[in-house]
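Turn this into a model:
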Amino acid sequence: MPGRYRRSALAASLAAAALAGGLAGSLGTLAAKGTPPAEARESQNTQELKRALAQVKSEIAALQASVDKANLPALRETVGRLDKRMAAASAPEITGSIPQGAAAAKEAPKEPPKPAVLRGWVLRDVAHGRALVENGYELYEVLPGAVLPHVGRVESIDRQNGRWVVVTQKGLIVSLR
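You can find the predicted model right below:
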């Protein structure tokens with residue numbers, strides 16, 4: 001990143017040097033030309049200075065355009081970094097202290113949420129590690145790893161509290177009994 005700013009500064013220095021050289025050359029040329037009458041000298045000096053000034057103005061405009069072009073990516077990057085800093089500054093500050101209410105909540109172990117029983121699905125039978133499930137329209141014979149429509153993968157077929165259940169990604173399929 002510092003290289004871009006150095007190039008911009010170098011370009012500005014070159015433009016200033018070109019301006020100074022142009023003016024010095026114009027003045028030197030005027031001095032070397034002899035001494036025409038005062039009115040002609042003044043008119044000639046004015047015209048040459050106007051030409052030199054116009055050339056310098058066009059060079060400055062070109063330099064300004066190139067500096068603007070070179071700095072635009074740098075400005076975008078700077079704005080991006082500032083946006084990130086602003087987002088980080090607006091995030092809540094995390095400290096090592098624990099609020100009083102949080103200490104009591106942390107002591108009590110949290111139970112994992114129980115999976116929901118899937119509506120519209122019924123477990124009909126379990127035998128030899130396989131389960132027969134129904135969704136009201138079709139019967140499916142599944143084992144762990146099988147994929148059921150709208151339910152996802154079958155995680156396991158287990159006995160829970162004396163009942164067979166089919167554990168899927170979206171919840172449990174249980175028997176009606």
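
Check Ala16 and give its pLDDT.
What the model reports for Ala16 is a pLDDT of 69.

and stretch 147-164, which residues are buried?
Burial within stretch 147-164, assessed by neighbour count using 16 or more other CB atoms under 10 Å, is assigned to 148, 151, 154, 157, 164. All C-beta spots, glycine's among them, are computed from the backbone N, C-alpha and C.

Ignore what I typed, I meant stretch 168-177.
In terms of neighbour count (16+ other CB under 10 Å), stretch 168-177 has its buried residues at 168, 171-174.

Next one: Asn45 from Gln55, what distance?
Here the criterion is CB to CB, to the nearest Å. By it, Asn45 lies 16 Å from Gln55.

again, but for Gly21
In this structure, Gly21 and Gln55 are separated by 11 Å, where distance is defined by CB to CB.

who's more crowded, those two?
Legend: neighbour count by other CB atoms under 10 Å for Gly21 and Gln55, higher for Gln55 (14 against 10).

before we move on, the earlier item: let's see which of the buried residues of stretch 147-164 end up in strands.
Judged by DSSP state E, strands contain the following of those: 148, 154, 157, 164.

what's the spacing between the third one and Glu134?
The span separating Ile157 from Glu134 equals 15 Å under the rule CB to CB.
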